[in-house]
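# predicted model and sequence follow; I will ask about them next.
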Amino acid sequence: MKKFTVESDVTVIGGGLAGVAAAIAAAREGATVALINNRPVLGGNSSSEVRVWVCGATAHGSQKFARETGIMGELFIENQYRNPEGNPHLWDQVVLDAVRAEPLITMYLNTDVRDVDADGADSDRTIRSVTGWQMGSEKLITFVGAMFIDATGDGIVGHLAGAWAMTGREAAAEFGEEWAPEIPDSNMLGSTILFYSKDVGEPVRFVPPSIAKDISTTSILDNRRVRATDNGCDYWWIEWGGELDAVDDNEAIRDELWGVVYGIWDHIKNSGLYDADTLTLEWVGSVPGKREYRRFIGDTILTQNDIMNQVRFPDTIGFGGWSIDLHPPGGMYSVDEGSKHLFTKGIYHIPFGALYSKNVSNMLMAGRDISATHVAFGTTRVMATCAVTGEAAGTGAALSVRHGVTPRTLATERLGELQTALLRADASIVGRPWTDPSDLALTAQVTASSTITSIDVEPRPDEQPHAVTLDGHDIGIIIPADPRIDTVQLLLDASRPTLALIELWRTDGGENHIPVEKVSATEARVEHPGHSWVTARFDYTPDQPENVVVVIDRNPDLKLVVLPRSAPYGVLGLVSRTPRFQMDGPQSNAWSAFEMRRSAPAIRVTPDTNAYAAAHVSGGFQRPFDGPQLWSSRPLGEDGESVVLTWDDPQSVRSVEVLFNDDVDEDLVNLHHHRTPFPVVPEVVRDYGIDFLTEDGWVRAETVLGNRVRRRVHRWDEAAQVKALRLVATATNGAECVTVAGIRAFS
C-alpha cells in the first residue's frame, strides 16, 4: 500500500456536475484544486453509468430565457456541437475534457473518501484533511488544504466532519411550507436505475434472469406507463427506496430496481402485448441514481416560500427554474402520480448563504446537499442547478483562500467581489448588473453600425406565413416596453367577421416572461375574412424598461399570422396550455413557447424601441431581464456589422472579453430528451475581428473565424494605448442579425 499526502488550496469531493463546476471555477480563480471522485467517470447521475438527463432552469422549455450560462452553459454548448446524438459516453468525454483543460486541477478518479479529520467545538468545526482509498492503484491518499467542498451528493464529508444536517421531510409548520407534510418523517425521494433498448432488425428472445420481478403482480401496470419505445429517462419513474435509508439500504434498493427493470423488459418482450420481437436490451444501469439524502444547514435555509416568492437575496449567486418536483415515498409501487409539480412565475434565486456550512468554518456545499428544506430541494436537486451552485461554491472557495477568510466572512465583507467574479465568468446570475470599475468599457461611449429601432415584423414577398389558432388557446407575445408601448398591431387571419379581445399584461418581475398582472384591454373589430391588421392602443409607460405580454384572447374564428423566421431577439410567442385563472396562481408552464419558437408573430409596435441600443454591451445585465439586454444590428450587411467603444482619453487595453448571444431561450439537454436541429446556436457570432484605434489609425488586434461559443476572452502580451475599440462581426452561425450581450476591456 502506498500512502501519500496531497496539498491543494481547494479540495472538491464528488465528481458530479456540481463538483466538476466547483473545481473548474476554483481553478479559473487561480486556486490549486484536487478533484476527487469515487467513480471511474465524471458526471455523477448524468454519466454513462447512470444516464439521467441534465435538467435545469429551463424545465424542458417551461421557463423562458432560462438556460444556464457559465460552466454549465459551456458544457451544454460543447455537447451540442460534439455530441448531437446524445451519446452518453461522448458526454463523459465532454465533461472530462472540461476538467483536463484546467492546469490547476489534479483529478483523482476511483478514489473513495472515507475518513475526515476535523476538530473544534460542535458549533465551530474545521476540516484538516480527508483521506481516500484509490481502488485500482491501491493508494491511500490524504488531502489537506484550506477549503473543502462537499459535492458528494450524499454528504459523506460533512457528515464525518460533524456538519449540522437535515434528512427526511420537515413538518409544514417548521418553515411554513404548504407542500410539506403535517408531521415530519424520514421519507425522501427514491433512487432509480434506467435501461436502454434497441431494434436489431431480427427476432431476439429474452430469458429473464432470476432477479426479474413479475410486475403483473404489482401495482406498476395500473399506475405507470410502460411502452416498448421508451428508453432511458423515459422510465424516470422506476424509483424506489424513499421509505428506506438511501445509503444504509443502497444494496437492497439496487436489487429491487434491477428486479423491476428486468421485470418490465420481460413484460415487454414476453407478454404478447407489444410489438417487440426485434428489440433487445442494450444497457442496464448498475449504480442507483440517488435523488436525496443529507442536506446541510447553512446560514440560509432555502424554503418553498423563497422559491415561490422569487426572493431576491442580497447574496444571490445563481438561479434555478425547475418546478418543485416531489415524488411519493413509495415510488413505483405508489398508487399516486409518480411526481407532482409546482412552478413559479419564472426563475428563482439561490443565496450564497445556502452554500457554506453553519458550523464547519471551511466547508462549502455544492449540488443536492446544499442548505434547503425537503420541499425546496425538490427543485434545487436537478443537475444543471447543482452545477450552478458548484460554480458559485468553487469561486467562493478560491476567493476565501486568496484572502485567508472563511466563506461566511466572504459573504459578509467581500460579497461584491464574489458576485463580480461570478458575473465576469458569465455565471448563471440574473438581475445583477455588471458594475466592475476595472472594466474600461463602462466609461466608453458606444455606437454601432446599425441598430434595430422598431419592432415591426411584417411578411416579406417571398415568405410563406402560417397561422396559429386561437381556438381553445390564448396567445401571448412578449415584447420589450422601452420606453413605452403606445399601439400594437397584429396580423390576424379571420374565418368570418368577429371581435378580437387584446390585452396588455405585466410580467411582475424581470425574471418572468409570462402574463401576471393585467394593465389594460381593448377590443378590435375584424371586418372581413382573411388576413387583416388590427390595432390595439394601450398608451402604457412603465417606470423603467420592462417586458410586457400582449395577449389575444381565445377565439375560434381567429388565428395569428406567424412568419418563418426569428423575431427581434426577446420577442417571443406563447400559447396557453390551460385556461387562465384555473391554476393556483400564475405558473410559467401554463404558457408554451414551443409552437412559435424561431418563428415571428406578425406585429407592429409604436413607438420606436431602445431595447436593442448599442449601449447595452457596456454594463447593465448580460442576459434577458426586463428586456433582451443586448445590442442587435439590423440584418447583417455585406461589410459586416460593428459596435465601437470610444474614450475621451486613450486607455491602456490588454484584454477584451466578449459575451455573444447564444439564445438562452433554447433548451439544450445532454442526452437529448429532444433534438435541436443545429450543432451551433444560430445567434452566436461566427466570424469577427477586434480592432484598436491607435495613433496609427485602426489596427486589427485579433481575427476569429468559426467561433461557436458565447464567451470569448482575448489577451495580449503587452497593453495597447487605445482611443477606441471596435468589434466587427462578418458572419453569424445562421441568424440574420448580429447580437452581442457584452464587451469588456481591461488594462
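Great, that's in hand.
# now do the host helix or strand of Leu257, average pLDDT.
Take DSSP states H and E as the rule and Leu257 turns out to sit in helix 250-270. Mean pLDDT, computed over helix 250-270, is 98.
# now do stretch 413-433
Stretch 413-433 comes out at a mean pLDDT of 98.
# cool, stretch 440-454 as well?
Mean predicted confidence for stretch 440-454 is 98.
# ok now it, how far from the chain's centre?
Distance of stretch 440-454 from the chain centroid (CA atoms, centre = their mean, to the nearest Å) equals 29 Å.
# one more: stretch 641-654?
The answer for stretch 641-654 is 33 Å, by CA atoms, centre = their mean.
# before we move on, what about stretch 710-725?
For stretch 710-725 - counting by CA atoms, centre = their mean - the centre lies 30 Å from the chain centre.
# who's in contact with the nearest residue to Gly353 once chain neighbours are set aside?
Counting by CB to CB, 6 or more residues apart in numbering, Thr300 is the residue found nearest to Gly353 once chain neighbours are left out, at 3.2 Å. Heads up, the C-betas are built off the backbone N, CA and C, glycines and all. Thr300 is in contact with 313, 315, 351, 353-354, 371, counting by CB atoms under 8 Å, 6 or more residues apart in numbering.
# where does Thr300 fall, secondary structure wise?
Going by DSSP H and E, Thr300 is not in any helix or strand.
# and the gap between it and Phe352?
Distance, Thr300 to Phe352, by CB to CB, to the nearest Å: 8 Å.
# report the set of residues contacting both of these two.
Listed as contacting both Thr300 and Phe352 by CB under 8 Å, 6+ apart are Asp315.
# that older thread, restricted to strands, list the contacts of Thr300.
Secondary structure from DSSP state E places Pro351 of those in strands.
# with pLDDT, distance to Phe538 and neighbour count added, can I get the contacts of Thr300 in JSON lines?
Listed next are the contacts of Thr300 as JSON lines, based on pLDDT from 0 to 100; distance: CB to CB, whole Å; neighbours: other CB atoms under 10 Å:
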{"residue": "Phe313", "pLDDT": "98", "distance to Phe538": "34", "neighbour count": "16"}
{"residue": "Asp315", "pLDDT": "98", "distance to Phe538": "38", "neighbour count": "20"}
{"residue": "Pro351", "pLDDT": "98", "distance to Phe538": "37", "neighbour count": "24"}
{"residue": "Gly353", "pLDDT": "98", "distance to Phe538": "41", "neighbour count": "21"}
{"residue": "Ala354", "pLDDT": "98", "distance to Phe538": "41", "neighbour count": "26"}
{"residue": "Ser371", "pLDDT": "98", "distance to Phe538": "44", "neighbour count": "26"}
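# which residues does Val658 form a beta bridge with?
Arg712, Ile743 (DSSP bridges).
# distance of it from Leu17?
26 Å.
# tell me which of those two has more neighbours.
Using other CB atoms under 10 Å as the criterion, Val658 and Leu17 rank with Leu17 on top: 33 against 24.
# how would you label the closest residue in space to the more buried one that isn't next to it in sequence: helix, strand or coil?
Among residues not flanking Leu17 along the chain, Ala387 sits closest, at 4.2 Å (CB to CB, 6+ apart). The local conformation at Ala387, judged by DSSP: H, G, I helix; E, B strand; the rest coil, is helix.
# what about Ala387, neighbour count?
35.
# thanks a lot, catch you later.
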